[in-house]
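# Let's see this in three dimensions:
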Amino acid sequence: MRPRNKYEKRVAELNATLSQDIAMSNVLWVKEACKGWDMSHFCYFTIHAYIAEFEVSRLYRVYKFTDRSTDHFFFVEIMRRFTDGENKLYFGKQRTMGSYYDCFLYDSPMELRSTHKNYAYNDITMLFDLSIAAQTETEGARIACVQNDPNELARIICNNPVAETMYKQNNPMFTHLLHRTYLKETCRAYTIAKRHGFVFNSETIPLWLDMVYAIIVCKKDWHNPVYIAAKDLRATHDRFIRMMVRKQQENRLTREYNKVQRELDRNKTINEQYVKRRKRFYNMVLTDGLISCRVLEDVQAFREEGEAMQHCVFKCRYFEKPYSLILSARINGERIETIEVDLTNYQIKQCYGKHDLFTIHHQRIVDLINAQMCTIKAYNTRKVVHTKHKIAV
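A predicted model of the protein is given here:
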């Protein structure tokens with residue numbers, strides 16, 4: 001639902017400046033309050049803040065998972081209520097099922113939502129009445145609300161013992177498995193490659209995953225250690241990526257691939273969702289005087305970057321990754337390398353030039369991004385000044 005008048009546009013501008021973070025003081029209080037609650041599913045709590053002339057009520061959903069004797073909490077912001085004393089506007093995540101008023105798509109952006117009741121006479125605004133009792137807390141330190149979608153974690157961990165082991169061991173491979181298809185085959189290929197001595201690190205994991213994806217799509221033997229534990233990873237990666245593209249051009253996958261292209265041209269929703277997630281970075285320029293790094297602004301920019309650099313940033317749909325920031329490093333307008341930054345831990349996932357090769361400027365680009373990581377974090381987690389936090393009834 002798009003803003004229709006100046007009032008709604010004004011609120012939408014203020015809403016875009018809010019990050020989905022939560023004060024540590026509220027986290028500690030909610031954890032303490034949840035000890036006496038039946039957390040078989042989830043519960044709600046609300047934080048009141050003040051921005052400009054509006055009072056903002058921010059509704060969070062908290063999940064509690066128990067692993068042996070340890071409790072794990074996940075916080076998801078699902079709705080915001082802006083009020084100036086007379087009018088009220090609601091921004092929230094997209095609902096996944098129309099007949100249920102509390103089923104949300106966590107990766108969807110915060111957009112202006114209608115308050116119409118469904119056929120069961122349930123209104124999404126009723127969720128504010130289900131929150132935990134009120135209290136007043138100072139702002140304190142802030143943390144990211146959700147690093148991993150609880151539903152996505154459950155999908156990966158509960159259905160695959162290999163992924164569950166990675167999660168418990170804090171294996172860096174696990175973070176790359178999120179939002180991946182062919183999970184079962186990928187985890188099995190991982191165990192085979194590791195058994196045959198393949199070394200997994202921050203540089204090889206992204207290339208290896210894209211290579212295995214191409215092998216599976218091409219219907220090659222993904223059990224074969226000659227492929228998945230190759231000595232020359234980059235050459236094998238390029239070989240199967242080319243094979244995947246050629247196969248898409250020769251058979252049914254070509255029509256599906258072109259259908260995706262036409263869908264992206266025709267349906268602006270995918271592009272709009274990406275723009276809303278990344279528009280806060282549009283004014284960000286990371287430079288050391290020679291090299292300048294900017295965020296890719298839309299899906300068309302991903303297509304141009306992938307075609308110019310001859311890598312898979314567009315083919316593998318990196319624009320759909322909610323926690324990856326894709327930057328383009330250039331010198332005098334000429335593309336040098338493409339960088340992927342993980343917004344959950346603010347680390348560089350991968351940084352490659354044309355044909356997924358390092359350039360002579362690679363180390364300088366990496367040093368520039370690491371030195372300016374605080375700037376990326378500041379753009380991603382903009383704080384609201386003069387805020388008061390309390391939990392409403």
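# going forward, measure contacts and count neighbours with C-alpha atoms only.
Fine.
# Off-centre distance for stretch 278-293?
The chain centre lies 20 Å from the centre of stretch 278-293; the measure is Cα atoms, centre = their mean, to the nearest Å.
# Same check on stretch 66-84?
For stretch 66-84 - counting by Cα atoms, centre = their mean - the centre lies 17 Å from the chain centre.
# List every C-alpha atom in that stretch, with coordinates, as CSV.
In CSV, the C-alpha atoms belonging to stretch 66-84 read as follows (Å, rounded to 0.1, in the frame of the first residue of the first chain):
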residue,chain,number,x,y,z
THR,A,66,15.6,-24.2,24.3
ASP,A,67,18.7,-26.2,23.5
ARG,A,68,19.3,-28.5,26.4
SER,A,69,19.7,-26.1,29.3
THR,A,70,20.3,-23.0,27.2
ASP,A,71,17.6,-20.6,26.1
HIS,A,72,17.9,-18.8,22.7
PHE,A,73,15.9,-15.7,21.9
PHE,A,74,15.0,-14.2,18.5
PHE,A,75,13.5,-10.8,18.2
VAL,A,76,11.5,-9.7,15.1
GLU,A,77,10.0,-6.3,14.6
ILE,A,78,6.7,-6.8,12.8
MET,A,79,4.8,-3.6,13.1
ARG,A,80,5.0,0.2,13.8
ARG,A,81,2.3,2.6,14.8
PHE,A,82,2.7,6.3,14.2
THR,A,83,0.4,8.7,16.0
ASP,A,84,0.4,12.5,16.5
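# Please list the residues outside that stretch that contact it.
Outside stretch 66-84, the residues that touch it by Cα atoms under 8 Å, 6 or more residues apart in numbering are 11, 20, 31, 53-65, 88-93, 104, 106, 110, 145-146, 150.
# which element follows whichever strand or helix holds residue 185 toward the C-terminus?
Here residue 185, judged by DSSP states H and E, is contained in helix 183-195. Toward the C-terminal end, the helix or strand that comes next after helix 183-195 (DSSP H and E) is helix 204-217.
# Quick one: list the elements packing against that following helix.
Of the remaining helices and strands, those touching helix 204-217 by 3 or more Cα pairs under 8 Å, 6 or more residues apart in numbering; DSSP states H and E are helix 172-177, helix 183-195, helix 233-250.
# any weak-confidence spans in the stretch 101-250 of the chain?
Where the stretch 101-250 of the chain drops to pLDDT under 70, the residues are 101-102, 116-124, 129-152, 179.
# rerun that using 90 as the cut-off
Applying pLDDT under 90 to the stretch 101-250 of the chain picks out residues 101-188, 197, 199-207, 210, 214, 217-222, 225, 227-228, 230-233, 241-250.
# Local confidence estimate at the residue lying farthest from the centre of the chain?
When distances are taken from the C-alpha mean of the chain, residue 86 lies farthest, 35.3 Å away, according to Cα atoms, centre = their mean. Residue 86 carries a pLDDT value of 75.
# would you say it is within a strand?
No: following the definition DSSP: H, G, I helix; E, B strand; the rest coil, residue 86 is coil and is not counted among the residues of a strand.
# Which secondary structure element is home to residue 74?
When secondary structure is defined using DSSP H and E, the element that contains residue 74 is strand 70-83.
# From residue 215, how far out is the closest residue to residue 353 other than its chain neighbours?
Counting by Cα to Cα, 6 or more residues apart in numbering, residue 337 is the residue found nearest to residue 353 once chain neighbours are left out, at 3.9 Å. Residue 337 sits 25 Å away from residue 215, going by Cα to Cα, to the nearest Å.
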